[in-house]
Structure formats: structure tokens, C-alpha cells
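Student: sequence below, structure please.
(chains A and B)
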Amino acid sequence: MVKEECKALLDALNKVTACYRHMVLTIGGTSDSQNLREELKKTRQKAQELAVANRNKLTTVLKDKTVSKEDKAEFERLWVIFSTCLEILEIDMRRALELGHEFPLNVPKKHLIQTGMSGGTSGVAARAMSVQNMKYEAERNIDVMDLKDLENEINQVGEMMYEMEMKVNVPQWTVEAKQDPGAELKSTISVGASSIGMISVEENKSFCDISKVLAGIVFSAVLIIAIVLAVCVVKLS
Amino acid sequence: MTIGGPRGRHPRLQMPCLRKMERMIVSMQDPDMGIKMRNQRLLITVIPHAMTGNDIVEWLIQKYGISEEEALHLGNLIVKHGYIYPLRDPRSLVLRADESPYRFQTPYFWTSTKWPATELDYAIYLAKKNIRKQGDLIEHEKDNYNLLHKRINHTWDFVVMQAREQLRAAKQRRKGDRIVIDCQEQAFWLVNRPPPGAPNVLEQGPERRNCHTTRVQLNMDYYKREIEYCRKAMARTRVKSSICLEGYIKFNEQYVPHDPIMSGCLPSNPWITDDTTYWVMNAPTVTTPTKLRVERWGFNFSELIMDPLGRAQLLEFLKKEFSAENLSFWEACEELRYGEQSRIAEIVDSIYQQFLAPGATRWVNIDSKTMERTLEGIKTPHRYVMDDAQMHIYMLMKKDSYPRFLKSDLYKNLLAEAIIPPETKKRVFPFMRKQRHSSPSPALLLPAGDAEERGRSPSTAPVPEEES
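Tutor: Model prediction:
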């Protein structure tokens, strides 16, 4: 029960971290916008809440003396995963701050790097916040105003990590990974909800892609013409 | 803008050349003055913001007013450092000044010494690639993957989790953007973890100056030091380069016939013909020296005295002139300078007894001032106490005895008797010539697959090398 809860919380944090990194990738590029900055803010706040929840849960469990040895090893493994996740989150937050300073949006001569990205990141943000659609309600110059909050939050996360290191005594090198090299492949094939599987499923779903429909029509037209020509040739000969 | 966390991480700085490149990239984005963008067509998807190599080179020529060669070189540097990546041949980070397409890298993936690429990130990237390619990674990536699995084993579960989640997050974007992100990541890791054999652009040699160490405070002390340094530099004696170069040319002209590479060596080059006669004939002590060697003794005094054979002949000559003690004294001083530390007091004492004491058997003629200084120095003997006296005697021999030596009959006889080795006859049939073979590689002498043993017993390694 406790283990499942911890795992669920950790998975949630992992998901939000991945989405956050994906969004930080797009700062400074052509799909950068005020919306993106707002998404970043909301995502990282959610990440922080999840991080605090994770920490509280895991620290109570690790302090609990009545836990069995295997359970304790399992919780230590989860703890190591949690602290690594938090490290990545902190680094991404720092980079977001630096990039935010370098690429302000409301300047007369915008110099966003033309990276070739044209779409938005609302899908990613929706996934992070676990909502269907994102609502945007921030002011126009959130890109500048948010930076101060970001700095404070970075300091908070830094302090939390420091506390964690000092108070919880889990030596990282004693934890052994459960997965062998190449484990990600095995489970993807077996579970079926694999990333490759999802790619093909998604592509079938994208009927609204007009270019794909057009290509299908053109191909079928060519096929029909070829069949007609073949029939004519057969008839004439 | 440096945030030192509570754990007191000292802030790293971006390498200055990278900062300059970043500024250049930003100026390329200017809607009016920047590079003109085109669209990249991939079957059905159209991705904007592609440019040709030609565009880049022309923009550089126009913006900085440089030649095409320089623009190409500059563009190449930018591509090598990962700010622009090629779209058609992603593994070769070269700028081609033709129609090949390129695209800008997103700022997160800019090469940075401030945010170095971590092992964790690389592991996540490899795991993602593993999933996408169903296990079909390139050789060196497979090796790195296994290595990382061992090294960061404690967070490997996190790596797998994060890789899966990042792929799922990317799926929320358009197909075109997904392709761009993949290309960006691939280009980033090509720069930060180059395949074996490719040059690593982020390698900084040990002598490379750190931006921390060369930072100076521009205060009064600094300027005072600079002024002092410039004053001393102005007062230095200088030689005109025309005179320097004349001297240099003369030296080369004099030595060119003696250089085995420039003028060939007789009888034959041992490295080519495997015939070691050349070395045997020019050994430090032979009965009959070669003619070239004897001629070299006439160039300057140091050639004569540094050649063991020449020194012996000089001794003979000086004995006839009853000034052999000079050379003996000089040799004894050399022994002091380059000898053992423990024997210094002993050697100094013997030199004093033999050469410097009043009424010594082989008393050398040094002027009074130098003698006073040397006798003072002998009270606290060290390696260099005899330097002044040795230099005085050396100059004496050089100015006095050496010219006479060159004019003497002894030297003239040596010149006459010196041999010119005949050139080995080239064999008529080239395939009869002795085959060149290199000595066996030490690696082959050790049994194969013995890598661990080699590490455990390093003492065995030198032995096979000696045998070969």
C-alpha cells in the first residue's frame, strides 16, 4: 500500500520532470512564447508540490523502524530515484532561469533562434498537469516577472536537497538497479503499451492530418490509373 | 548571474570562444540582416528554418568583410561546436559551401562549459535511442551504454523511467517538431560524446588558461607592475633581425653538409638499409674518426671539447704545450657540476688540492679576483662554486690554445688521416636487397586477452620490451 503510493507519487514526479525538460528545450527557439513561459511556471510548481509530497512520504517510511529489510532496500532504491529526479529538476530550473534571462520576449528586436520548431507545447504541458486543455491566464510580461519567482524556487529546491542529504542517510552505492541493460526494450515489447506501439497507434489516429489524407488520395488515384492502363493493354493485345 | 546553491557549488564560466559564437548565432537571427531561411521538405512534412551552407558562408563574408576561405573556416568552427548542425549527413560536422542544408541548434543544447553534459543525461539519451531503434545502437554507443549501466547502476531504474517518460512527452508534439527534436539531440550528443576517433571539441589541454586564473584586478598594483615591465623591456639589448638572420643562415650553411638528413650519410642510412656501419664509425671512441667529424672540430671550440675524441686530441696537444692542467681542471669542474650531491665536498676539496692551492702540482692560472671569490666560495661548497674559475679557464683555452690547435701539425695530420667511408654499392637486383622489418610489437609478445594480468603485474611488461 505504502509502496504503491510511493511508486505512484514517484512516477508522477518523473512524468512532470520529463515534461519540464521538454519545455525547457524549447526556450529561446521559435516556438517560445508567453504561453510557454506560463506553462513552465505551472509545471515547475506542480513538480515542487510533488517533490515535497514525495519527500515527506519517503522520509516517514525510511524513519520507520518496523519496516522489513527487503522493504527498506526497496524504499532506499526509491529514495535514490527520487533524489536523482530532483537533481535533474534543479538543473533544468537553473537552465530555464539562465535562458529566460538571455531570451526575453517583449523586446523590440526579438532574436529567437530559428530552430525549426513550429508547433506549441500545450500538449506537453497538459500531460504534465494531467488536464485535458491548458488555460492561459497570466499577464503579458510573465517571461520577465516569473524570473524572480524562479530564483526563489531554485533556492528552495536547493535547500530541500541539502536537507535531504543531511538528514536521510542512504548511501547511493548500496542500491542496485532492478533493471538489466536493455530492460527498457523487453518491457516495452511485453507490456504492449510501448512507445513504439504508441507511435504507430498515434499515427493511425491522426486522421486530421490533411497532408496525409491528400497523399492517400493521390496514391489511390495513381493505383486506379495503373489498373485501368493494365486492363487496356490486356484488352488491346 | 550566478546562483551559488546552499551547497556552495562554485560557478563555472562559459568558455570565451563559445560566448563569441553564441553572439554570432544570435546576430544571424536578425530578420533583416540575418540569414534567409528556406523550408526543408521531407516526404510529407515541411519543416521551416533550414539554410544552405552557401547561405552561411555568404552571410559571414558580407557581415565581417572576410575572404571566402576564412568564412569557410569560421563556419566550420561553428558547426564543429554544435551551434549549427547538418541535416543531410548528420554524423559529419563539416560546413560544405554548397546546397547542403543546415539548421540552428536550440539554446538548451548549445555547447557549454558552464553546463557540461552529464553522464545521467547521456544514459537517458542512449536508453531513449535504444527504445526507438529496438536495440540497434551503434557499436560505440552500445559500449557506452554498458559502461554507464555499470557506472551509474544505482540510478539506472530512474534512467529507464525518465527515458520512457521523455519519449511519451515528445509524442504530444507535431511530427515535424518531433523530427527536429531528434535531430537536435543527436547533434548535441555528437558534439559532447564524439564517436571514437573523432576530435573532441571540448578537450582543453593542460596548458589552456582558465578564465579563473587569468582574471586580474585592474588596480594600481597591476598598472605599476605593467609599467615596470614595459620599462625593463625597453631597456633590453636587442639585435637587429637582419644580423640574427645572417648568423642563422651562416650556421645552416656551415652545418648542412654534416646533416645526415639534408646531405645523406655515408656509408648508408642505417634506418633504410639496416646496415649499422654508420653508427659504428661515428661512435664516441673510435681509432680513426671520419673526415666530417674532424672538420666539425674546426667550427668552434665547443664542438671540439664536447666530442670525447676531440677532447682526447686536445689533451695531447696541450700536453705538448705544457698547459694540460687547464683541460684537467675544466673536466674536474664538469664532474663537480654534474656529479653526485653526496660527493660535492670531496670533489671540491680535491680540486682545491690539485689545482688551486698555492704550490699545487697542477696549478691553474686564474686572475686574482676570481681566485679570491673561488676561495671564499670553497668554504661553503656547492655544485656551482667553481663556475667563475671554470669559465675563465674555458675562455683561456678557447682564445689561446684553440687557434693554435687548429694550426698545429697534429690537427693537420688528423685531417689527412681521417677516412671518408665509401658508399655501399646499390644492389643491381632490387629484390635482393635485405627486407626491412620492424621489431616485433611488445603487445604481441604478451599473450592475447591478458589485459587484466597486465594490470595486476606491471613488472612483467617491461621484460618483453627489453628482449625485442
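Student: which residues in the stretch 101-250 of chain B form strands?
Tutor: B:101-104 (DSSP state E, counting those that start in this stretch).
Student: next, the residue nearest to B:Arg96 when sequence neighbours are not counted: phi, psi?
Tutor: Taking C-beta to C-beta, 6 or more residues apart in numbering or on different chains, and ignoring the residues beside it in sequence, B:Arg96 has B:Gly53 as its nearest neighbour in space, at 4.6 Å. From N, CA and C alone the C-beta is placed, and that goes for glycine too. Taking degrees, to the nearest 10, you get phi -60, psi -40 for the backbone angles of B:Gly53.
Student: count of neighbours near B:Gly53?
Tutor: 21 (other C-beta atoms under 10 Å in any protein chain shown).
Student: quick check: mean pLDDT of stretch B:222-229?
Tutor: Averaging pLDDT along stretch B:222-229 yields 93.
Student: next, count neighbours for residue 235.
Tutor: In the absence of a named chain, chain A is used. Neighbours around A:Lys235, by other C-beta under 10 Å: 7.
Student: I was after chain B.
Tutor: Number of residues near B:Ala235 (other C-beta under 10 Å) recorded here: 7.
Student: swap in the one 3 residues further on?
Tutor: A total of 8 residues lie near B:Arg238 under the criterion other C-beta under 10 Å.
Student: gap between it and B:Lys250?
Tutor: 20 Å (C-beta to C-beta, to the nearest Å).
Student: buried residues in the longest helix seen in chain A, which are they?
Tutor: Among the segments of chain A that qualify as a helix by DSSP state H, the longest is helix A:69-102. Neighbour-count burial for helix A:69-102, with 16 or more other C-beta atoms under 10 Å in any protein chain shown as criterion, is recorded at A:74-100.
Student: how about stretch B:332-339?
Tutor: For stretch B:332-339, by 16+ other C-beta under 10 Å, it's B:Ala332, B:Cys333, B:Leu336.
Student: next SSE downstream of the one helix or strand in chain A whose mean pLDDT sits lowest?
Tutor: In chain A, no helix or strand scores lower on mean pLDDT, DSSP states H and E than helix A:195-205, which sits at a mean of 37. Using DSSP states H and E, the helix or strand that follows helix A:195-205 in sequence is helix A:210-236.
Student: now do that next one: which elements does it pack against?
Tutor: For helix A:210-236, there is no helix or strand it packs on, judged by 3 or more C-beta pairs under 8 Å, 6 or more residues apart in numbering or on different chains; DSSP states H and E.
Student: quick one: mean pLDDT for it?
Tutor: Here the average pLDDT along helix A:210-236 is 90.
Student: can you check stretch A:147-166 too?
Tutor: Here the average pLDDT along stretch A:147-166 is 89.
Student: contacting residues around that stretch?
Tutor: A:41, A:44-45, A:48, A:51-52, A:55, A:83, A:86-87, A:89-90, A:93-94, A:96-97, A:100-101, B:3, B:5-7 (C-beta atoms under 8 Å, 6 or more residues apart in numbering or on different chains).
Student: next one: it to chain centre, how far?
Tutor: From the chain centre to the centre of stretch A:147-166 is a distance of 21 Å (C-alpha atoms, centre = their mean, to the nearest Å).
Student: and if you look at stretch B:43-53?
Tutor: So, by C-alpha atoms, centre = their mean, the centroid of stretch B:43-53 is 43 Å from its chain's centroid.
Student: and for stretch A:132-144?
Tutor: Worked out by C-alpha atoms, centre = their mean, stretch A:132-144 lies 19 Å from the chain centre.
Student: buried sites along it?
Tutor: Of all the residues in stretch A:132-144, those buried under the rule 16+ other C-beta under 10 Å are A:Met134, A:Ala138, A:Ile142, A:Asp143.
Student: now that stretch: mean pLDDT?
Tutor: Rounded mean pLDDT across stretch A:132-144 is 79.
Student: measure that stretch end to end?
Tutor: This stretch, stretch A:132-144, spans 28 Å end to end (C-alpha to C-alpha, to the nearest Å).
Student: and the contacts of it?
Tutor: Against stretch A:132-144 from outside (C-beta under 8 Å, 6+ apart): A:34-35, A:37-39, A:41, A:100, A:104-106, A:122, A:125-126, A:145.
Student: can you rerun that using 6 Å?
Tutor: If you take C-beta atoms under 6 Å, 6 or more residues apart in numbering or on different chains as the criterion, stretch A:132-144 is touched by A:Gln34, A:Asn35, A:Arg37, A:Glu38, A:Pro104, A:Leu105, A:Asn106, A:Ser122, A:Ala125, A:Ala126.
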